[in-house]
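Chemist: Turn this into a model:
(one chain, ligands or ions: 1)
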Amino acid sequence: MSLAPTSIVLSSPSPSNWDPENVSFPEEFAWGASTAAYQIEGGWDADGKGPSVWDTFTHQGGDRVFKNQTGDVACGSYTLWEEDLKCIKQLGLTHYRFSLSWSRLLPDGTTGFINQKGVDYYDTAIDSLLANGVTPVVTLYHFDLPQHLEHQGGWRSGAIVAAFDAYAQFCFRTFGDRVKLWLTINEPYVLATLGYEEGVMAPGIKELGTGAYQSAHNMIKAHAVAWHSYNQLFRKKQGGLVSIALNSDWAEPFDPNSPADQEAAKRHMAFCLDWFATPIFLDGDYPAIMKSKISAVCKRQGIPSSRLPEFTDAEKMMIKGTADFFALNYYTSRKMKHQENTNAQPSMSADKEAEEVTDPSWPVASGSSWLAVVPWGLRRLLKYIKDTYNHPIIYITENGFSQSDPAPLDDTQRWEYFKLTLQEILKAIYIDGVQLKGYFVWSLLDNFEWTCGYRSRFGLFHVDFENPALPRVPYKSAIEYAKVVANNGLVKSQE
Ligand code: BGC
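Modeler: Predicted structure coming up:
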């Protein structure tokens, strides 16, 4: 069954007839949805898969995850891939983004032992996507580090760089004849701050003031080394593109007339997006504003050298320019207020000297208290990326709105959020001149939403986690999104 209506022709925009609901997206725009291995696959120890840090973290219990839920079964995609494919086809997607489970392919994280069953699973997925005209976009690593590598220090250890490179090369060699769009690491910001600084996500390391900086340092190097491997060993033959999925809020000053708040908003961008994007897209080094702020705070705290590690000159050369396009995950915006750090206790969030304030007038997605819905923030963020990072080609590799469980299939409100977002994207493309080539909804399916477990539903398809068959049923948003995909644009009457 296809959810898409017959396609209608939409007019091209011109200043006089500008109507976002009557304007096509650019030709060959990529329409996608995204998922991640741990959040959907289940089969946590099936067919020789090794444990990942998320298996360990959830199995330890301790109420760190809602109701101590786990991804042991999740959406069952390891055995129900055909059902996922049906959803993808119903939406008419041109692209599907998913991640490989590192420890399903390499159970201890190293190429010493390759799990052929894991290779077979992803081969099937990739082949069937291509057979259905859907372009696979593959994330090498989306939070689920093999536990064996975490035992060796995980992202805090410099040894991870070579391990990641070996894994990346293995994936390029194994799947790169068919996969042409690669993302190395998903959201290093989230992983570094929540996994290694605050310890609220796996692997649950709490090292305030150093954990995020140290782990991010190795993630940036690992990404860059893998990009070079692709560039030198595979690009000529395979002809693909490699980037990294960076998440970012958009930041506005709390008081637009306060220079201190304006600076605080800039610092929020520096400590969130630019932390990774400046070295990778510009000059191989951290943003100046971040370096000077952290070293000033450290001085006040009596710490002789900055807690932010430094790249050597050779590393800067190696890191600079290691992305073939810009992959952005956007969910929300924040207002930022200057806040002096008088803390003796080091912490990355205090280093920023900026406090996040949510505007009470912004609606909040019912399934995620942090997700203030600010579609125009995305437009500003896209323009910021265009202006700051030399007008790159951009793909929005994640964007979405959660509902809380139980979630109605008629999610009219949520579709309104999507529509407003798509309108802002059109303005970014046609008014601001942003080179946006694709949009991916997070997520194809309701899935294991990390510490929120299954109570936060981001799917275009509802999954009944109580039913062992794990049936997938489209929300209204799926039906409407299929129309957008089919028409390559919003359509006026969608009833
Ligand atoms: C992550 C996803 C997550 C989504 C919603 C992103 O940070 O990449 O794994 O489910 O946001 O929270």
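Chemist: what's around Asp274, how many residues?
Modeler: Close neighbours of Asp274, defined as other CB atoms under 10 Å, add up to 25. In short, each C-beta sits where N, CA and C put it, glycine included.
Chemist: ok, it touching Tyr384?
Modeler: No: at 9.6 Å, Asp274 does not count as touching Tyr384 under the criterion of CB atoms under 8 Å.
Chemist: Now do the shared contacts for these two.
Modeler: Jointly contacting Asp274 and Tyr384 under the rule CB atoms under 8 Å, 6 or more residues apart in numbering is no residue at all.
Chemist: Alongside the ligand, which residues does the protein contribute?
Modeler: By the criterion of CB under 6 Å from any ligand atom, the positions of the chain lying close to the ligand are Ala36, Gln39, Asn186, Glu187, Val190, Asn247, Asn329, Glu398, Trp442, Glu449, Phe458.
Chemist: From these, which land in helices?
Modeler: Assignment to helices by DSSP state H places the following of those there: Gln39, Val190.
Chemist: for Ser456, what are its contacts?
Modeler: Taking CB under 8 Å, 6+ apart as the test, what Ser456 contacts is Gly367, Ser368, Ser402, Gln403, Ser404, Asp405, Glu449.
Chemist: Just confirm Glu82 is within a helix.
Modeler: Yes: per DSSP: H, G, I helix; E, B strand; the rest coil, Glu82 lies within a helix segment.
Chemist: Number of residues surrounding it?
Modeler: The tally of other residues near Glu82 (other CB under 10 Å) stands at 10.
Chemist: Chain neighbours aside, what residue packs nearest to it?
Modeler: Using CB to CB, 6 or more residues apart in numbering and skipping the chain neighbours, the partner closest in space to Glu82 is Ser128 (8.0 Å).
Chemist: Specify the local secondary structure of that neighbour.
Modeler: Ser128, by the three-state scheme (three-state DSSP), is helix.
Chemist: Can you tell me which of the residues of the chain next to the ligand comes closest to Leu105?
Modeler: Using CB to CB, Ala36 is the member of the residues of the chain next to the ligand that lies nearest Leu105, at 14.7 Å.
Chemist: hmm, back to that, now rank the contacts of Ser456 by neighbours and give me the top one.
Modeler: Of all those, Ser402 has the most neighbours under the rule other CB under 10 Å, reaching 26 neighbours.
Chemist: related to what we said a few turns ago, so which of the contacts of Ser456 would you say is closest to the ligand?
Modeler: Nearest to the ligand among the contacts of Ser456: Glu449, at 5.3 Å, using CB to the nearest ligand atom.
Chemist: got the contact list for the closest one?
Modeler: Gln39, Gly367, Ser368, Ser402, Arg455, Ser456, Arg457, Phe458.
Chemist: Is the fourth one in contact with Gly367, as I believe?
Modeler: By that I understand Ser402. Yes: under the criterion of CB under 8 Å, Ser402 lies in contact with Gly367, with a separation of 2.9 Å.
Chemist: Identify the contacts common to the two.
Modeler: With contacts defined as CB under 8 Å, 6+ apart, the residues shared by Ser402 and Gly367 are Glu449, Ser456, Arg457, Phe458.
Chemist: Could you count how many residues lie near the third one?
Modeler: In terms of burial, Arg457 registers 28 neighbours under the definition other CB under 10 Å.
Chemist: For it, name its beta-bridge partners.
Modeler: Per DSSP bridges, residues listed as beta-bridge partners of Arg457: Gln403.
Chemist: That one and Ser369, how far apart?
Modeler: Remark: distance between Arg457 and Ser369 (CB to CB, to the nearest Å) = 14 Å.
Chemist: Check the last one too.
Modeler: Using CB to CB, one gets 14 Å for the distance from Phe458 to Ser369.
Chemist: Ok, Tyr230 next?
Modeler: 39 Å.
Chemist: Can you pick out the residue with more neighbours from the two?
Modeler: The neighbour comparison of Tyr230 against Ser369 (other CB under 10 Å) goes to Tyr230, with 22 against 13.
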